[in-house]
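Turn this into a model:
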Amino acid sequence: MQDTGTPQQIIIHVDMDAFYASVEARDDPSLCGKALIIGSLPGERGVVCTCSYEAREFGVRSAMNIKEAYRRCPDGIYMHPNFSKYKEASAQVHRIWDSYATAVESVALDEAYLDVTETAGTFERAREFALEIKRRVKEEVGLTCSVGVAYSKTAAKTASEENKPNGFFEIPTPDDFVNLIIDREVDVLYTVGRKTAEKLRSMEIFTVRELRDRESEVIATFGKHGRWLVQLAYGIDTQKVVPYKPEDAKSVSREITFQKNVSDRPFLKDVLLLLSVSVVERARTHGLQGKGVVLKITYGNMQSISRSRLITAHDDAYSVYREACRMLDSVSYKDVRLIGVGIYNVIQSKRRQLTLDDLNGDGSEKRRIYLSNALDRIGRHYGLVSVLDPRTMGGLEELHRVVGHMHECRANSPWSGSYLARDKLSA
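Residues are numbered from 1 along each chain as shown. Model prediction:
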């Protein structure tokens, strides 16, 4: 493949080391050096959020089923995540990172790309930036990070992973990148996930060198993605660092996995209301609203389904809840493991179209009253009156706490009548 030329960029990729686990060990030194698993507890249903490097030595990995993690590491220390603590630490490290770059693309709470092309000017200065970032994160936040400096985003990410944990590596040119990865397995290339790797191996393409040798077959098999992989195999990557803008989101969603399967619709509708409130409050924070509602369900047998409906754009939770309930009533009556609600076809809220109810002076105020009444009824039943304020429900941690309490109350005191069933869904 002919090199099309890579623009002169200098990118730093920063990745915190076992972020959640490191924050916990920082705040409780007795956890240092231990196999620490953050996520669900062994007797619960769920997955590993992250784990310490000591736990990884037992084969525990992020997103692993918690039961499998416990089978591999029964003597590990298991903890629920404390998201408010992690967000605070994330804000601290991001303030450090942001001060070095003209553009920052945050991948997650603990990871970001920094464009330092203008602020550094040279790779030598970028190296100084990277080492300074590592020092400041350690001194000011009490955590370690791995940093890569390179000519492209893909190379920078590869560099940051090269010497983890607490590592530093640089890849100045495409030739340096190719020389590093040429004889490594194909999943070293960005966007080669498990399925793509399996497909390539079924073609007897195991290494980057073999992918280059058979680039025409790769492109013919994978199309646009194949062409991208071939470019990466030659070190070609012209991606820019693009700051994340919430207003560019295409959808906003929330979901809950129950510790025990749920079959009764009244309780599921109670949860749908809180999910709808959380979704709308999260979107409203960024001035967004959706023109469609989606319902996601995973049954106890792991079968997943989704239903969606277009609506006239609303920025109120009751409209989202109403449509989600209608879709719930249309699906099979089975034990539910997971339920989620989302909005899609997201637009800026100032562009919302008026509904017939709005024109009649009978729209948003009516929905606001319905929402308030519904939350009051749930609050009284579950003893949550003081916390069911829509403004506090946008956060994931608060949502999980409230639904977990409701689920526990339901298990201890089952009931058959839904307060929400009396709310009018035709409003």
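
alpha carbons only for contacts and neighbour counts from here, please
OK.

which residues in the stretch 1-150 of the chain form strands?
11-16, 36-39, 48-51, 77-79, 103-108, 111-115, 145-150 (DSSP state E, counting those that start in this stretch).

can you list contacts of the first one?
Residues outside strand 11-16 that contact it (CA atoms under 8 Å, 6 or more residues apart in numbering) are 110-117, 126, 130, 143-153, 156-157, 159-160.

Can you lay out the strands of the stretch 1-150 of the chain as JSON lines showing mean pLDDT?
Compiled in JSON lines, the strands of the stretch 1-150 of the chain are given as follows (pLDDT from 0 to 100):
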{"stretch": "strand 11-16", "mean pLDDT": "98"}
{"stretch": "strand 36-39", "mean pLDDT": "94"}
{"stretch": "strand 48-51", "mean pLDDT": "91"}
{"stretch": "strand 77-79", "mean pLDDT": "96"}
{"stretch": "strand 103-108", "mean pLDDT": "91"}
{"stretch": "strand 111-115", "mean pLDDT": "96"}
{"stretch": "strand 145-150", "mean pLDDT": "98"}
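
Dump those strands to CSV, plus mean neighbour count and distance to residue 289.
Shown next, in CSV, are the strands of the stretch 1-150 of the chain (neighbours: other CA atoms under 10 Å; distance: least, CA to CA, whole Å):
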stretch, mean neighbour count, distance to residue 289
strand 11-16, 29, 32
strand 36-39, 27, 31
strand 48-51, 24, 29
strand 77-79, 18, 35
strand 103-108, 17, 23
strand 111-115, 25, 27
strand 145-150, 28, 36
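
Contact partners for the residue nearest to residue 304 when sequence neighbours are not counted?
Among residues not flanking residue 304 along the chain, residue 298 sits closest, at 4.2 Å (CA to CA, 6 or more residues apart in numbering). Residues near residue 298 by CA under 8 Å, 6+ apart: 304-305, 336-339.

Dump the strand or helix carrying residue 298 to CSV, restricted to CA.
Using DSSP states H and E, residue 298 falls within strand 288-299. Written as CSV, here are the backbone C-alpha positions of strand 288-299 (Å, rounded to 0.1, in the frame of the first residue of the first chain):
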residue,chain,number,x,y,z
LEU,A,288,-31.1,17.6,24.6
GLN,A,289,-34.4,15.8,24.0
GLY,A,290,-35.4,12.8,21.9
LYS,A,291,-37.9,12.2,19.1
GLY,A,292,-38.0,8.5,19.8
VAL,A,293,-38.2,6.1,22.8
VAL,A,294,-36.6,2.7,23.0
LEU,A,295,-37.3,-0.1,25.5
LYS,A,296,-34.7,-2.8,26.1
ILE,A,297,-35.4,-6.0,27.9
THR,A,298,-33.2,-9.0,28.7
TYR,A,299,-35.2,-12.0,30.0
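
What strands flank it, and is each parallel or antiparallel?
Applying DSSP bridges, strand 288-299 is found paired with strand 304-314 (antiparallel), strand 336-344 (antiparallel), strand 347-348 (antiparallel).

Now do the same for that strand: mean pLDDT, whole number.
The average pLDDT within strand 288-299 is 88.

what's the answer for stretch 400-418, then?
64.
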